[in-house]
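*Asks:* Below are the sequence and a predicted model for it; my questions follow.
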Amino acid sequence: MSAKTLGIVIPAFNEEKTLYQNMQKLTHVLSGDRIDHRILLVDDGSSDGTWEVIARLTAESSRFSAIRFARNFGKEVALCAGLRAVSGDYVLIMDSDLQHPPRYIKDMIALLERSGADIVDGVKASRGRENPLYKCCASAFYGLFRRVTGIDLRNSSDFKLLRRPVVNAINALDESHVFFRGLVSWVGFKHETFSFSVDERIGDTSRFSLSRLIRLSLDATLSYTSKPLYFTALAGGIFLLFALILGIQTLYTFFSGSAVSGFTTVILLLLVIGAILCASLGILGAYVARIYDEVKHRPQYIISEQKTHEE
């Protein structure tokens, strides 16, 4: 394999039951493929014994190091923290549950070097077992995100291989709210895609619920486009046209003497105006909240503890 050093960033949250076994499997594959690697584990404020498992891994091998958040800041932030702390000529992002199969790593490195690409994006050939409702909502989100932002993330994943210049470019960005997949697409560079099949999750079921998907969808949209603000102006223009047509009709019926008494038209107008105003204020409020969070300049995360191998 390549003489380049591979740094691997793995976020972990409440993975006490399976983390040790999964990391043993990962290092076994990497050693068998003769890949010089370093693994950085990011404990995203776990409430179980995940940190104790991580401490065991770092004590047993110099290839492991770790950082621990003071509380749960979310996977997107954990990935950013990992990129700032990881070493290596190449950097791989993957999940701790091994749904991103380690057997593909050598092929991703070969593709990166053969193509001269800066980024290899893992694209899911199959999504494995997923709740049908979750799969439908995910497809709807990616379709809407592509239309609104112009970034196509269908079947994308956080299974990515990056060259060091890409990592440096991402680390130079200073944002409180991030959507990692969109961030990697936004920085540019040369991309190649690598198709893989998702393995079954080892251990308990995924904690990525529908509500978290909706929240992530909102964060992603607000982070990468201001088009929803223009939608309010578009809605206002459509309603103005509707009001002009209705006004002309009302005046015609009045002067022709065929006007009838009643409040149906007035009620409909009030409902339409109220709906548009509430939706517009909601969109504006979401962007103002995002601006408020950014101008406070609070740190993106707080590290409470770090672990490295001690001889």
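*Replies:* Structure's in. What do you need?
*Asks:* for this structure, what spans make up the helices?
*Replies:* Assigned helices in the chain, in chain order: 19-32, 50-60, 75-85, 105-115, 132-149, 164-171, 180-186, 210-224, 227-255, 264-295 (criterion: DSSP state H).
*Asks:* avg pLDDT for the second one?
*Replies:* Looking at helix 50-60 alone, the average pLDDT works out to 89.
*Asks:* for the third one, same thing?
*Replies:* Helix 75-85 shows a mean pLDDT of 88.
*Asks:* And that helix, what's buried?
*Replies:* Buried positions in helix 75-85, judged by neighbour count with 16 or more other Cβ atoms under 10 Å: 75-83, 85. From N, CA and C alone the C-beta is placed, and that goes for glycine too.
*Asks:* so what secondary structure elements neighbour it?
*Replies:* strand 6-12, strand 37-43, strand 64-69, strand 90-93, helix 164-171, helix 180-186 (3 or more Cβ pairs under 8 Å, 6 or more residues apart in numbering; DSSP states H and E).
*Asks:* looking at these, which is closest to H28?
*Replies:* Of all the helices and strands packed on helix 75-85, it is strand 37-43 that lies closest to H28, at 11.8 Å by Cβ to Cβ.
*Asks:* wouldn't R290 be in contact with I283 here?
*Replies:* No. The criterion here is Cβ atoms under 8 Å, and R290 misses it with I283 at 11.2 Å.
*Asks:* shared neighbours of the two, which are they?
*Replies:* Residues touching both R290 and I283 (Cβ atoms under 8 Å, 6 or more residues apart in numbering): none.
*Asks:* Okay, and the beta partners of the closest residue to H191 other than its chain neighbours?
*Replies:* In space, and not counting its chain neighbours, H191 is closest to I119: 4.9 Å by Cβ to Cβ, 6 or more residues apart in numbering. Going by DSSP bridges, I119 is paired in beta bridges with L162, H191.
*Asks:* try the one 5 residues further on
*Replies:* Judged by DSSP bridges, the bridge partners of K124 are F196.
*Asks:* With adjacent residues omitted, what lies nearest to Y301?
*Replies:* Nearest non-adjacent residue to Y301, counting by Cβ to Cβ, 6+ apart: F73, 4.6 Å away.
*Asks:* who are the neighbours in contact with the residue nearest to H191?
*Replies:* Neighbours of I119 in contact, by Cβ under 8 Å, 6+ apart: 160-163, 166, 184, 189-192.
*Asks:* rerun at 6 Å
*Replies:* Contacts here follow Cβ atoms under 6 Å, 6 or more residues apart in numbering; on that basis I119 touches 162, 166, 189, 191.
*Asks:* Make JSON lines from those and add pLDDT, distance to H177 and neighbour count to it.
*Replies:* Formatted as JSON lines, the contacts of I119 follow (pLDDT from 0 to 100; distance: Cβ to Cβ, whole Å; neighbours: other Cβ atoms under 10 Å):
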{"residue": "L162", "pLDDT": "92", "distance to H177": "21", "neighbour count": "27"}
{"residue": "V166", "pLDDT": "91", "distance to H177": "20", "neighbour count": "23"}
{"residue": "F189", "pLDDT": "86", "distance to H177": "22", "neighbour count": "14"}
{"residue": "H191", "pLDDT": "86", "distance to H177": "23", "neighbour count": "15"}
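*Asks:* For N14, state which of these is nearest.
*Replies:* Nearest to N14 out of the contacts of I119 is L162 (Cβ to Cβ; 26.6 Å).
*Asks:* mind checking how far that closest one is from K124?
*Replies:* 18 Å (Cβ to Cβ, to the nearest Å).
*Asks:* pLDDT score for M108?
*Replies:* At M108, the pLDDT recorded in the model is 89.
*Asks:* burial count for it?
*Replies:* By the criterion of other Cβ atoms under 10 Å, M108 has 21 neighbours.
*Asks:* for it, what are its contacts?
*Replies:* Listed by Cβ under 6 Å, 6+ apart, the contact set of M108 reads 120, 161, 194.
*Asks:* Try it again at 10 Å.
*Replies:* By Cβ atoms under 10 Å, 6 or more residues apart in numbering, M108 lies in contact with 6, 90, 92, 120-122, 159-161, 192, 194, 196.
*Asks:* any low-confidence regions in the stretch 1-150 of the chain?
*Replies:* The stretch 1-150 of the chain contains residues with pLDDT under 70 at 1-3, 126-150.
*Asks:* Hmm, P101 and A125 touching each other?
*Replies:* No. Using Cβ atoms under 10 Å, A125 makes no contact with P101, being 11.6 Å away.
*Asks:* what touches both of the two?
*Replies:* Common contacts of A125 and P101, defined by Cβ under 10 Å, 6+ apart, comprise 196-198.
*Asks:* Just the buried ones from those residues, in ChimeraX syntax?
*Replies:* Burial among the shared contacts of A125 and P101 is assessed by 16+ other Cβ under 10 Å; the matching ChimeraX selection reads:
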select :196,198
